[in-house]
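# My questions are about this predicted structure, shown below with the sequence.
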Amino acid sequence: MSALEDFSAYPIIQAPMAGGASNAQLAAAVGTAGGLGFLAAGYKTPEAMYEEIRHLRDLTSRPFGVNLFLPQPPTADRSALAVYAEQLAGEAAWYGAALGDLDRDGDDAYDAKVAILLEDPVPMVSFTFGCPDRAVTEAFRKAGTYTVVTVTSPAEAVAAQRAGADALFVQGVEAGGHQGTHRDDPRLDRAGYGLLTLIALVREAVPLPLIAAGGLMRGAQIAAALAAGADAAALGTAFLVTPESGAHPLHKRAVADPVFTHTELTRAFTGRPARGLINRFLREHGPYAPPGYPQVHHITQPLRKAAADAGDPQSMALWAGQGHRLAREMSAGALVETLTAELTAAQEAGA
């Protein structure tokens, strides 16, 4: 089994971003530049995941990772979901879109995706929204695949170690997109750890390699995360705006648009806490969105697509980390090189 540092020349990882931003072109560009690229299998069919892996292998021989969503238990209150759907009826009428099915399940074809990745192994697999069984991590270990579990607390880190994870994505509350908590507890919506504090707490709790994630946009921030105890850093929003990213053009422009000054954790779009740019939809519906992932995601998906088709970012899920104002328009390869130079300069200044 390889060690974490064997996957890339630099401790820079392109975080997996479900919904289209993480694609083969982006992962290949990051890997070629000396970082580690990631594909996001969440929301994709097993067949689409397999084809994207094939495409990436056609583009590069560099190592890469694939991220999976853990199955979600059916805990949503159907009556609360129905009330939220009624609240969104006006949005649907405005965009001429039908609301999605609120009865779809939450397994994201997890077992089928695991089976494919065991039959045709990839270098690294990460897990979000929970912790895989030890039988799964052991199967991947036998296949030669390095496993990483996303954690947001020391307790989750301990659980991931017990399950046999090789390393951890340590996700601070500053991160854009979904918080990768193992259990969706509404009482904890505003109780997340900041990244540097979380790194220190997790480092005390477990001896596993740690990948820091959460609002990182500059090499000096990466240096700070490494100094705090991380072994590498994962950046999402920084790579979202690159030309190789598959994010919607409206999403890319919004990250740099001065109209969108702040981010906020919200359940408005998916029913799970996720950090995005504050737009009209988030302001108007966020306070009333019930816990219920992925049902809320399925309900709002047609609305979000219709808004994108209409050129209206005010009803799109504009996922972004707290550092989004520091995003730079450059190629993914140039960004890896720039971050590496900044990291080296920061480390030399602090030596």
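Perfect, I can see it now.

# Quick one: mean pLDDT for stretch 205-220?
Averaged across stretch 205-220, pLDDT comes to 98.

# er, stretch 72-81 I mean
86.

# could I have that stretch exported to CSV, CA atoms only?
The C-alpha trace of stretch 72-81 is given here as CSV (Å, rounded to 0.1, in the frame of the first residue of the first chain):
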residue,chain,number,x,y,z
GLN,A,72,-28.2,7.9,3.7
PRO,A,73,-30.8,6.5,6.1
PRO,A,74,-34.4,7.3,5.4
THR,A,75,-34.8,9.8,8.3
ALA,A,76,-36.6,12.6,6.4
ASP,A,77,-40.0,13.7,7.7
ARG,A,78,-42.3,13.3,4.6
SER,A,79,-44.8,15.8,5.8
ALA,A,80,-42.0,18.4,6.3
LEU,A,81,-40.8,17.6,2.8
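
# can you map out the strands along the stretch 201-350 of the chain?
Ranges of strands in the stretch 201-350 of the chain, per DSSP state E, counting those that start in this stretch, are 210-213, 232-235, 263-266, 274-277.

# Would you give the sheet partners of the third one, along with the direction of each?
For strand 263-266, sheet partners with direction are given as strand 274-277 (antiparallel), following DSSP bridges.

# Show me which parts of the strand it pairs with are buried, residue by residue.
Residues of strand 274-277 classed as buried: 274, 275, 276, 277 (neighbour count, 16 or more other Cβ atoms under 10 Å). (C-beta placed from N, C-alpha, C; glycine too.)

# tell me how far stretch 99-119 is from the chain's mean position?
Offset of stretch 99-119 from its chain centre (Cα atoms, centre = their mean, to the nearest Å): 17 Å.

# residues contacting residue 235?
Listed by Cβ atoms under 8 Å, 6 or more residues apart in numbering, the contact set of residue 235 reads 12, 13, 14, 15, 213, 216, 217, 339.

# what do you get for residue 304?
Counting by Cβ under 8 Å, 6+ apart, residue 304 touches 269, 315, 316, 317.

# thinking again about what came up before, who wins for neighbours among the contacts of residue 235?
Within the contacts of residue 235, neighbour counts (other Cβ atoms under 10 Å) peak at residue 14, which reaches 33 neighbours.

# gap between that one and residue 322?
For residue 14, the distance to residue 322 equals 18 Å [Cβ to Cβ, to the nearest Å].

# again with residue 96
34 Å.

# what's the answer for residue 143, then?
With Cβ to Cβ as the criterion, residue 143 and residue 322 are 37 Å apart.

# what about the two, which has more around it?
Comparing residue 143 with residue 322 by other Cβ under 10 Å, the one with more neighbours is residue 322, at 22 against 14.

# which residues does that one contact?
Residues near residue 322 by Cβ under 8 Å, 6+ apart: 174, 176, 214, 215, 263, 275.

# Model confidence score at it, please.
pLDDT, read off for residue 322, is 97.

# got it, and residue 105?
At residue 105, pLDDT is 69.

# now do residue 183
92.

# Next one: the residue lying closest to residue 183 once chain neighbours are set aside from residue 181, what distance?
Among residues not flanking residue 183 along the chain, residue 130 sits closest, at 7.9 Å (Cβ to Cβ, 6 or more residues apart in numbering). For residue 130, the distance to residue 181 (Cβ to Cβ) stands at 9 Å.

# all strands for the stretch 51-200 of the chain, in order.
Taking DSSP E, counting those that start in this stretch, the strands of the stretch 51-200 of the chain run over residues 64-69, 124-128, 146-151, 167-171, 177-178.

# quick one: which of those is nearest residue 113?
Smallest distance to residue 113 across the strands of the stretch 51-200 of the chain (Cβ to Cβ): 5.7 Å, for strand 64-69.

# If you average the pLDDT over the closest one, what comes out?
For strand 64-69, mean pLDDT rounds to 98.

# Now the longest helix seen in the chain: buried residues?
Looking across the chain with DSSP state H, the single longest helix is helix 332-350. Using 16+ other Cβ under 10 Å as the test for burial, helix 332-350 gives 332, 333, 335, 336, 337, 339, 340, 342, 343, 346.

# show me what contacts the first one?
Residues near residue 332 by Cβ under 8 Å, 6+ apart: 14, 26, 29, 30, 33, 239, 242, 243, 244, 245.

# Pass me the low-pLDDT residue ranges in the stretch 251-351 of the chain, would you?
Applying pLDDT under 70 to the stretch 251-351 of the chain picks out residues 351.

# And the helices in it?
280-285, 295-309, 332-350 (DSSP state H, counting those that start in this stretch).

# Same list, these, but as TSV with distance to residue 58 please.
What follows is the helices of the stretch 251-351 of the chain, written out as TSV (distance: least, Cβ to Cβ, whole Å):
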stretch	distance to residue 58
helix 280-285	38
helix 295-309	28
helix 332-350	17
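
# on that earlier part again, of the contacts of residue 332, which belong to helices?
Judged by DSSP H, helices contain the following of the contacts of residue 332: 26, 29, 30, 239.

# Please tell me how far the last one sits from residue 26.
The span separating residue 239 from residue 26 equals 6 Å under the rule Cβ to Cβ.

# which neighbours do those two share?
14, 245, 332.
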